[in-house]
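K.L.:
just coords:
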Ligand SMILES: Nc1nc2c(ncn2[C@@H]2O[C@H](COP(=O)(O)OP(=O)(O)OP(=O)(O)O)[C@@H](O)[C@H]2O)c(=O)[nH]1
């Protein structure tokens, strides 16, 4: 098993990676690792002694001082114990490679970096500052310093700051992985301590809370905090720790930390009240207790963290593959991407036509159903009514009635009837056109890869629709031409057979009698009717052939051909425009990529300590 020391170091590294890669917990709907990592958070009211405790644990002055709310961003303070004799230094995550050996410069950098994020507005920001301190005089420990809880905003700070601070502090201490270092000054009523009130609320059993009592030296003469420190007055799961920091006067006199730690030890060891507790008091002891506790919490949580990491990696990878790769930048690659996307659409469109996906069968429905029904409904009965036949034949005859058969009358009647076929022919073309259009629409919607590119989607739709329009025109021309062809040359054989059939099977008297009698016109009508019926049968078979040839086959083979030609002429910029992804999607992909990177590096960190036995 890895040493405990390396576990804290590992978590430190992961915490830094979290900040670099934008994981501060909370706000986005991405999985967060930051919140799963155990951390020690320092909370307390203003002037409760938070900064003093932190400096005392580190053994250095390095925190900004001043009036008002000085801490306005979380400070993640990572302490790394180094070999005895090595020089102490601080290092900020936002200034890698710069070693701060002068701790007053650390203080200045914290101030400057706070202002960089919040401006001079004195607002607060949840984005943490990471400071690592390498020193032989510290224990491995990570502490997070937060703005002090306050009741009133001071001049220059917005009114909302009081509430904003409370929200920020809460967001940290509410997490079940947060160890709360609750700072309360001993010279105040503990019952009203901000830190205790908050920790009671979020950790009612007290298992995550370490109570720290500062300013023991400032208690009224004759009083002490034994009841609290021995765990009777305010029982917590972990023992209370009493602290004596430097007073304001000590700070003014520049009493250094080493001297102050010594003074603190003496206070407990030699004072009248706390001698029996001396070994469990003071900032050095506090640091050790915290470090040990943090280690054991990390150890306990490690399996959970590891499985969280693995699960999140899976989730992020799945989401990324759903979002698709990011768009190429050079024109060649862009053109390639566009063609790939067109092909993906085209594949789906063909599947609709050829089967595999529904819709193509409805085209057959047009031929099998709509066309025959339309043909059946043509008003030949009206056209070939006795009255109309008589009218047409007489008009065709003119002043000289026909002698044997009304050749002109037949032609006119047939021409008139054939003209009716134009309607169903055009209707079939249109019906198939609309079906194809609908299939294009569905295919675009079903092309997952296209979802990211609304502009390209629209362009493909427009190009396909334009092409279908062209096919429709062509198809109309062809089918109407077929109808016209029927009129241009009648099937001679049909008429040649007619008289013989009549004479063979019919009544000889009626055939040779009065050419102006009703039965004569009826016969003409039935002859024309059966001729038209024969043509109708032919067209019922040939119109579908023309429609498929001109529309369906073309759509399958060359729906986007024109579009491809236009694409070839486009400049890089125009291609890029076609690929302008939904910005929200781009942003989301970027976030996922970053978060995935974080989880993968965290997994590597953990693997490396687990394997380094
Ligand atoms: N005598 C004495 N003074 C202390 C002790 N702890 C803190 N002080 C003084 O109390 C004042 C406030 O201490 P800080 O450590 O700045 O308190 P803080 O909670 O960080 O304050 P803010 O950052 O303003 O919220 C300083 O003047 C300290 O010198 C202590 O144990 N004994």
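P.N.:
Yep, it's here. Predicted, not measured: the structure shown is a model, and the values here were computed from it.
K.L.:
excluding its backbone neighbours, what's nearest residue 203?
P.N.:
Taking Cβ to Cβ, 6 or more residues apart in numbering, and ignoring the residues beside it in sequence, residue 203 has residue 209 as its nearest neighbour in space, at 5.1 Å. For glycine as for every other residue, the C-beta is placed from the backbone atoms N, C-alpha and C.
K.L.:
residue contacts, that neighbour?
P.N.:
179, 180, 182, 199, 203, 236, 237, 238 (Cβ atoms under 8 Å, 6 or more residues apart in numbering).
K.L.:
isn't the third one right up against residue 212?
P.N.:
Read it as residue 182. Yes: with contact defined as Cβ atoms under 8 Å, residue 182 reaches residue 212; the gap is 6.5 Å.
K.L.:
give me the more crowded residue out of the two.
P.N.:
residue 182 (29 against 25; other Cβ atoms under 10 Å).
K.L.:
so where does the more buried one fall, helix or strand?
P.N.:
Residue 182 belongs to strand 178-185 when assigned by DSSP states H and E.
K.L.:
identify the residues contacting the closest residue to residue 593 other than its chain neighbours.
P.N.:
Among residues not flanking residue 593 along the chain, residue 320 sits closest, at 6.9 Å (Cβ to Cβ, 6+ apart). Neighbouring residues of residue 320 by Cβ under 8 Å, 6+ apart: 589, 592, 593, 596.
K.L.:
interface residues of the stretch 51-200 of the chain facing the ligand?
P.N.:
Proximity of the stretch 51-200 of the chain to the ligand (Cβ under 6 Å from any ligand atom) is limited to residues 51, 52, 70, 71, 148.
K.L.:
let's see that with 5 Å instead.
P.N.:
By Cβ under 5 Å from any ligand atom, the residues of the stretch 51-200 of the chain that approach the ligand are 51, 52, 148.
K.L.:
same check, this time on the chain
P.N.:
46-52, 148, 214-215, 218, 244-245, 247-248.
K.L.:
ok, 6 Å please
P.N.:
Neighbours of the ligand within the chain, by Cβ under 6 Å from any ligand atom: 44, 46-52, 70-71, 148, 214-215, 217-218, 243-248, 251.
K.L.:
on that earlier part again, tell me if the residue nearest to residue 593 really is in a helix.
P.N.:
Yes: counting by DSSP: H, G, I helix; E, B strand; the rest coil, residue 320 is part of a helix.
K.L.:
ok so, going back, which of the contacts of residue 209 tops the neighbour count?
P.N.:
Of the contacts of residue 209, residue 182 is surrounded by the most neighbours, 29 neighbours in total, counting by other Cβ under 10 Å.
K.L.:
so where is the stretch 351-500 of the chain shaky, pLDDT-wise?
P.N.:
499-500 (pLDDT under 70).
K.L.:
report the closest residue of it relative to the ligand.
P.N.:
residue 452 (48.7 Å; Cβ to the nearest ligand atom).
K.L.:
so what's that residue closest to, chain neighbours aside?
P.N.:
Nearest to residue 452 is residue 581, by Cβ to Cβ, 6+ apart, at 5.0 Å.
K.L.:
show me this protein divided up by domain.
P.N.:
Domains of the chain are assigned by the TED database as 39-281, 331-498+515-580.
K.L.:
quick check: which of these is nearest to residue 15?
P.N.:
domain 39-281 (6.3 Å; Cβ to Cβ).
K.L.:
what's the first-to-last distance across the closest one?
P.N.:
Domain 39-281 has an end-to-end distance of 22 Å (criterion: Cα to Cα, to the nearest Å).
K.L.:
for residue 212, which three-state class applies?
P.N.:
Applying three-state DSSP: residue 212 is strand.
K.L.:
what does residue 246 give?
P.N.:
Per three-state DSSP, the secondary structure class of residue 246 is coil.
K.L.:
how deep is it tucked in, by neighbour count?
P.N.:
Under the neighbour criterion other Cβ under 10 Å, residue 246 is assigned a count of 23.
K.L.:
circling back: among the residues of the stretch 51-200 of the chain next to the ligand, name the ones in helices.
P.N.:
51, 52 (DSSP state H).
K.L.:
which among the residues of the stretch 51-200 of the chain next to the ligand end up buried?
P.N.:
Restricting those to buried positions leaves 51, 52, 148, with burial counted as 16 or more other Cβ atoms under 10 Å.
K.L.:
leaving out chain neighbours, which residue sits closest to the last one?
P.N.:
Distance criterion Cβ to Cβ, 6+ apart; nearest residue to residue 148, sequence neighbours excluded, is residue 46 at 4.1 Å.
K.L.:
next up, phi/psi of that neighbour, please.
P.N.:
phi -60, psi 140 (degrees, to the nearest 10).
K.L.:
hang on, it packs against residue 153?
P.N.:
No: Residue 46 is beyond contact range of residue 153, at 11.3 Å (criterion: Cβ under 8 Å).
K.L.:
what's the overlap in contacts for these two?
P.N.:
Common neighbours of residue 46 and residue 153 (Cβ under 8 Å, 6+ apart) are residue 69.
K.L.:
continuing past the lowest-mean-pLDDT helix or strand in the chain, what's the next helix or strand?
P.N.:
Within the chain, no helix or strand scores below helix 508-512, which has a mean of 47 by mean pLDDT, DSSP states H and E. Using DSSP H and E, the helix or strand that follows helix 508-512 in sequence is helix 518-547.
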